[in-house]
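> with the input below, show me the fold.
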Amino acid sequence: MPEGDTVFRTAERLRTALAGKTLTRSDFRVPRYATVDLVGDLITEVGSYGKHLFIRTDQVSIHTHLKMEGQWRVFHCGQRWTKPPVTARLVLANDEVEAVGFALGKVQVLRLAEEHTVIDHLGPDLLGPNWDAAEALRLLTEYPRRPIGLALLDQRNLAGIGNIYRSEICFLRRVHPATPVGDIDDLPALVDESHRVLGKAAHEPPWRPMVYGRTRRPCPRCGTAIVSRLLGEDDPADRITQRERGIYFCPRCQPPPTH
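Here you go, the predicted model:
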């Protein structure tokens with residue numbers, strides 16, 4: 001699933017393509033919004049919060065979520081699309097470009113005043129201008145026995161981290177992903193690391209992971225083979241889930257909790 005850095009950069013691309021320009025075409029290929037017509041409306045802003053993306057006019061906010069396979073791509077008008085048209089769920093165009101959302105996991109049209117309802121339950125946005133480390137720390141410590149590998153993935157604690165970055169953050173802090181939140185020696189430093197890692201990935205691409213996806217390859221610190229596990233399951237039967245949702249770590253640099 002695309003993580004906060006991907007959504008942040010996607011919002012930047014769409015902002016360049018759409019913001020300040022009037023729509024000449026809007027095509028919602030979602031039954032609930034099939035009759036929505038925004039032709040003539042001015043796109044005022046494009047923004048993101050965690051893994052959520054918002055395209056705004058004076059009256060409405062178009063909320064999209066990429067989920068597992070969604071992508072936004074921008075084409076010059078008349079340019080052939082590089083993804084199958086049947087997978088397009090939303091097309092927004094002006095005189096110069098077409099922005100096409102393919103395989104989007106969610107599409108909503110909300111009144112601007114209702115936009116907050118989509119994100120009210122989320123923790124602070126790691127890439128937002130109002131990032132609040134103290135609030136993220138407070139939310140994490142509400143459940144001190146929860147494994148940090150699960151707590152980081154919970155968007156209600158801090159918004160934007162997915163499977164890639166929870167693996168990287170735990171590795172950088174030398175914390176085993178099964179370690180309970182309350183047993184981490186320096187949780188504020190781990191929260192700060194989360195902010196730093198995601199910010200670097202968003203602003204300084206390309207970013208290469210050190211442990212994610214590197215099963216059986218040597219740890220960049222000690223040379224021990226990297227392993228991947230589902231929390232609470234040492235030998236999962238579902239290898240697809242293991243590959244997509246397993247957390248990666250070094251068994252030597254990140255020793256398991258003792259209790």
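> what about residue 61, how many residues nearby?
21 (other CB atoms under 10 Å). (Each C-beta comes from the backbone N, C-alpha and C, glycine too.)
> quick check: it vs residue 117, distance?
Distance of residue 61 to residue 117, computed by CB to CB, to the nearest Å: 10 Å.
> what do the two both touch?
Each of residue 110 lies in contact with both residue 61 and residue 117 under the rule CB atoms under 8 Å, 6 or more residues apart in numbering.
> work out for me the element the closest residue to residue 51 other than its chain neighbours sits within.
With CB to CB, 6 or more residues apart in numbering as the criterion, residue 51 has its nearest non-adjacent residue at 5.3 Å, and that residue is residue 7. Using DSSP states H and E, residue 7 sits in helix 4-18.
> give the buried residues for that helix.
4, 5, 6, 7, 8, 9, 10, 11, 14, 15, 17, 18 (16 or more other CB atoms under 10 Å).
> same check on stretch 220-227?
Buried residues in stretch 220-227 (16+ other CB under 10 Å): 226, 227.
> as a whole number, average confidence for that stretch?
Mean pLDDT, stretch 220-227: 98.
> just the CA coordinates for that stretch, please, in PDB.
In PDB, the C-alpha atoms belonging to stretch 220-227 read as follows (Å, rounded to 0.1, in the frame of the first residue of the first chain):
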ATOM      1  CA  PRO A 220      23.800  -3.300   6.700                       C
ATOM      2  CA  ARG A 221      25.100  -3.000  10.300                       C
ATOM      3  CA  CYS A 222      26.200  -6.400  11.400                       C
ATOM      4  CA  GLY A 223      25.800  -8.700   8.400                       C
ATOM      5  CA  THR A 224      23.200 -11.000  10.000                       C
ATOM      6  CA  ALA A 225      20.500 -12.200   7.600                       C
ATOM      7  CA  ILE A 226      17.400 -10.000   7.700                       C
ATOM      8  CA  VAL A 227      14.200 -11.900   8.500                       C
END
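> since we're on the closest residue to residue 118 other than its chain neighbours, how many residues are nearby?
The spatially closest residue to residue 118, leaving aside those adjacent along the chain, is residue 63, at 5.5 Å (CB to CB, 6+ apart). By the criterion of other CB under 10 Å, residue 63 has 21 neighbours.
> what about the stretch 151-259 of the chain, any weak spots by pLDDT?
Applying pLDDT under 70 to the stretch 151-259 of the chain flags residues 232-245.
> all strands of it, in order?
227-229, 247-249 (DSSP state E, counting those that start in this stretch).
> listing partners with orientation, what would you give for the first one?
To tie it back to what came earlier, the one meant is strand 227-229. strand 247-249 (antiparallel) (DSSP bridges).
> before we move on, the earlier item: so which of the strands of the stretch 151-259 of the chain is the most packed in?
Of all those, strand 247-249 carries the top mean neighbour count, a mean of 26, counting by mean count of other CB atoms under 10 Å.
> contact partners of that strand?
Contacts of strand 247-249 (CB under 8 Å, 6+ apart): 149, 163, 166-167, 170-171, 176-177, 211-215, 226-231.
> let's see it at 6 Å
149, 167, 177, 211, 212, 226, 228 (CB atoms under 6 Å, 6 or more residues apart in numbering).
> can I get those residues in JSON lines including distance to residue 28?
What follows is these, written out as JSON lines (distance: CB to CB, whole Å):
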{"residue": "149", "distance to residue 28": "38"}
{"residue": "167", "distance to residue 28": "36"}
{"residue": "177", "distance to residue 28": "40"}
{"residue": "211", "distance to residue 28": "40"}
{"residue": "212", "distance to residue 28": "35"}
{"residue": "226", "distance to residue 28": "43"}
{"residue": "228", "distance to residue 28": "39"}
